[in-house]
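1. sharing a model that was predicted from the sequence below.
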Amino acid sequence: MTDATQPAGQTNPSPTPPAPRKRRRWPKVVLVILLLLVALVLLLPTIVSTAPVRSLVLSQASGYVDGKVEVQSWSLGWFSGLSIHGVKVYDRQNVLVLEADKVETEATLLRLARGSYDFGKTTVAANATKVVVYPNGRTNLHEVFKLDAAPQNDKPQTPPTDHGTGSPSAPAKLPDVRIDLALDLRGAVEVADAAGKTSVLQLRQGSGGTLRIDDINQGIRFDPKLIYDVDGRAPSTIVISGLIDAVQNNQIDLPNLAAQVKVLLTAVDMGAVRPALAMVGLGQIDVDGIATGEIAADIKPGQAGGAVGEIQVASARLAMPQMPDVYQAELVRIPINVSRYLADGKSRVKIDIKAILPEASVSAVGDLPEAGLINLSQSKMPGETGDLNVLFDASPEKLARALPTTMRLLPDVKITGGDLKSDIGIAMRPDRIETKTTSNFSLTGTRAGRQQAIAPMTITTAASVLDLDNLASGLRN
């Protein structure tokens, strides 16, 4: 039936279909972006390990050295350990100074990103290719790594304080480090003295050792070994093994230090001491000899313990600018006996260390408070009482034979006897340190065949130290 109003011959037009709804594309875009970001994060270790990115990183790292740094390759992953191979450090003259054949650790990027310092099994093979110690104690590493210290400021430093309270801030907490390190060392150290003479300390195969931390609050186990020669002479071996625990609640806690350490010296060439002497400003002192011995230490908090042992130095030799003669001795013995005990609930330390020479003996004997020693190490006054005596006892006749120029009184005087003793007393007091030196000497000898003598004499001096900062500053200057 048709509509009466509709003209004849026409039909009803079909209804207009609804316009198609526009599909929202942004969810897909966001999803694609998220997938790309996830892929980028997952591929980040691979991207960082590529040669172009490695070159960019090394160019930035070289800005921290006066020279350049090269790395053959590195590999890291979110779920795999880090490994670096072929690290080389050159100085400004393009001389290879240090290198590491490999550094490998089980620590993953994911573990590190989560703030975990569990490095697991770690292997380092390092080579001190060309390390030089100059007569002033500086090394070429100071130049390469720009380690020159800023000028000393003798003004007392204000200790850091907690904001708002003004009280000293708590010691910084140490991270929960875990590591099982195996170290392989090679290399050489050149030591140049003021006269231009150069000695070379060469590390031999087998140098290195292990270090293990299972829990930073349970101590550090270590077993380093150094095998070296000086100027191509016979090999020397130093082995140090044991456990040191000086951390409680992730903070250094020296009063509760615990340690079990053994030091073993086998035919140790004392020429290796020269670099250390140069670094502390004593480069003009020349020592030599072959040391053998063993020292064992056992320290437990609140318990008796100590360190006992003896070192013997054969063919000992000492030369220094203040002494016109070169001192030489067939054998020098150094017995060591340091014990810890409790008195009134406080730890104290008994010291008995000697150096026994053919012509004389030097000994340090004392009874000191452990807390006072810790305070002194922190540039504080002892806070407790204790005493230490350094005793020197020598035969003038034997000294005159060993040091003829140093001991010469007059050209034609020959020393034949006498006595030479000195006692340096160091007294710890809660608010100061007192020193008293007493020297006693007498001499007998001949001059032109006639007997000569110097009657016994005693010289005493005393001093008191009230300011450790001024004392340290004076010693530095």
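-> Looks like it came in fine.

2. please make it C-alpha for all contacts and neighbour counts, starting now.
-> Will do.

3. how about the strands in the stretch 251-400 of the chain?
-> Using DSSP state E, counting those that start in this stretch, the strands of the stretch 251-400 of the chain run over 251-252, 258-269, 286-299, 305-320, 323-343, 346-356, 360-369, 386-394.

4. list the buried residues of the fifth one.
-> Spelled out, it's strand 323-343. Under the neighbour-count criterion of 16 or more other Cα atoms under 10 Å, strand 323-343 has 325-326, 328-329, 331-341 buried.

5. I'd like the strands of the stretch 251-400 of the chain as TSV, with mean pLDDT appended.
-> As requested, the strands of the stretch 251-400 of the chain are arranged in TSV below (pLDDT from 0 to 100):
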stretch	mean pLDDT
strand 251-252	91
strand 258-269	95
strand 286-299	94
strand 305-320	94
strand 323-343	94
strand 346-356	94
strand 360-369	96
strand 386-394	96
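
6. which of these sits closest to Ala455?
-> Proximity to Ala455 (Cα to Cα) singles out strand 386-394 among those, at 16.8 Å.

7. ok, the buried residues of strand 323-343 vs Ile299, which is closest?
-> Arg340 (7.8 Å).

8. am I right that the closest one is in contact with Ser347?
-> Yes. Counting by Cα atoms under 8 Å, Arg340 touches Ser347, with 6.7 Å between them.

9. ok, now how distant is the nearest residue to Gly81 once chain neighbours are set aside from Leu391?
-> Computed as Cα to Cα, 6 or more residues apart in numbering, the closest residue to Gly81 that is not its neighbour in sequence is Glu106, at 4.2 Å. Separation of Glu106 from Leu391 (Cα to Cα, to the nearest Å): 54 Å.

10. what about the helices in the stretch 101-250 of the chain?
-> Secondary structure of the stretch 101-250 of the chain, counting by DSSP state H, counting those that start in this stretch: helices at 109-113, 140-144.

11. related to what we said a few turns ago, just flag the most distant two among the buried residues of strand 323-343.
-> Farthest apart among those by Cα to Cα are Asp325 and Tyr341. That separation is 42.6 Å.

12. tell me where the model's unsure across the protein.
-> Flagging of the chain using pLDDT under 70 yields the residue ranges 1-55, 57-58, 148-171, 194-195, 410, 466-477.

13. 50 - rerun?
-> Applying pLDDT under 50 to the chain flags residues 1-2, 149-156, 164, 471-472, 474-477.

14. hey, where'd the helices end up in the stretch 351-477 of the chain?
-> 370-377, 396-402, 468-476.

15. now for the second one, which elements pack on it?
-> Read it as helix 396-402. strand 413-429 (3 or more Cα pairs under 8 Å, 6 or more residues apart in numbering; DSSP states H and E).

16. who does the strand it packs on touch, helix- and strand-wise?
-> strand 386-394, helix 396-402, strand 432-447.

17. still on that earlier bit, could you dump the strands of the stretch 251-400 of the chain to JSON lines with distance to Ala172?
-> JSON lines is the format used below for the strands of the stretch 251-400 of the chain (distance: least, Cα to Cα, whole Å):
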{"stretch": "strand 251-252", "distance to Ala172": "7"}
{"stretch": "strand 258-269", "distance to Ala172": "21"}
{"stretch": "strand 286-299", "distance to Ala172": "25"}
{"stretch": "strand 305-320", "distance to Ala172": "29"}
{"stretch": "strand 323-343", "distance to Ala172": "29"}
{"stretch": "strand 346-356", "distance to Ala172": "26"}
{"stretch": "strand 360-369", "distance to Ala172": "26"}
{"stretch": "strand 386-394", "distance to Ala172": "31"}
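
18. among these, which is nearest Ser62?
-> strand 251-252 (34.1 Å).

19. just to revisit the earlier point, out of the helices and strands packed on strand 413-429, the one nearest Ala259 is which?
-> That would be strand 386-394 among the helices and strands packed on strand 413-429, by Cα to Cα, at 23.4 Å.

20. what residues are up against Gly289?
-> Residues in contact with Gly289 (Cα atoms under 8 Å, 6 or more residues apart in numbering) are Asp269, Met270, Gly271, Val313, Ala314, Ser315, Ala316, Arg317.

21. can you tell me how far the residue positioned nearest the centre of the chain sits from Thr139?
-> By Cα atoms, centre = their mean, the mean C-alpha position of the chain lies nearest to Ala276, the distance being 11.3 Å. To Thr139, Ala276 is 11 Å away according to Cα to Cα.

22. and Asn337, by the same measure?
-> Applying Cα to Cα, the value for Asn337 to Thr139 is 35 Å.

23. which residues sit in contact with Cys228?
-> In this structure residue 228 is Tyr, not Cys. Per Cα under 8 Å, 6+ apart, neighbours of Tyr228: Leu201, Gln202, Leu203, Arg204, Ser207, Pro235, Ser236, Thr237.

24. ok, the first one touching Arg186?
-> No. Under the contact definition of Cα under 8 Å, Leu201 does not touch Arg186, with a separation of 10.9 Å.

25. show the backbone phi and psi for Gly137.
-> Here is the backbone geometry of Gly137 (degrees, to the nearest 10): phi 90, psi -20.

26. how deep is it tucked in, by neighbour count?
-> Using other Cα atoms under 10 Å, the number of residues around Gly137 comes to 20.

27. how about Gly77, secondary structure?
-> coil (DSSP: H, G, I helix; E, B strand; the rest coil).

28. isn't it right up against Leu109?
-> Yes. In terms of Cα under 8 Å, Gly77 counts as a neighbour of Leu109; the distance is 6.0 Å.

29. mutual contacts of the two, please.
-> Contacts common to Gly77 and Leu109, judged by Cα under 8 Å, 6+ apart, are absent.

30. highest neighbour count among the contacts of Gly289?
-> Ranked by neighbour count (other Cα under 10 Å), those have Asp269 at the top, with 25 neighbours.

31. what about stretch 227-242, how long is it end to end?
-> Stretch 227-242: ends 18 Å apart by Cα to Cα.

32. please name the residues that touch Ile213.
-> Ile213 touches Val177, Arg178, Ile179, Asp180, Gly219, Ile220, Arg221, counting by Cα under 8 Å, 6+ apart.

33. try 6 Å this time
-> Arg178, Ile179, Ile220 (Cα atoms under 6 Å, 6 or more residues apart in numbering).

34. and Gly120, by the same measure?
-> Contacts for Gly120 (Cα under 6 Å, 6+ apart) come out as Glu106, Ile179, Asp180.

35. dump those into JSON lines; add distance to Leu96 and neighbour count as well.
-> Listed next are the contacts of Gly120 as JSON lines, based on distance: Cα to Cα, whole Å; neighbours: other Cα atoms under 10 Å:
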{"residue": "Glu106", "distance to Leu96": "29", "neighbour count": "19"}
{"residue": "Ile179", "distance to Leu96": "29", "neighbour count": "21"}
{"residue": "Asp180", "distance to Leu96": "29", "neighbour count": "19"}
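
36. from the residues you listed, which is closest to Ile433?
-> Distances from Ile433 to the contacts of Gly120, taken by Cα to Cα, are shortest for Ile179, at 42.6 Å.

37. the closest one and Tyr117 touch, don't they?
-> No. Assessed by Cα atoms under 6 Å, Ile179 is found out of contact with Tyr117, at 8.3 Å.
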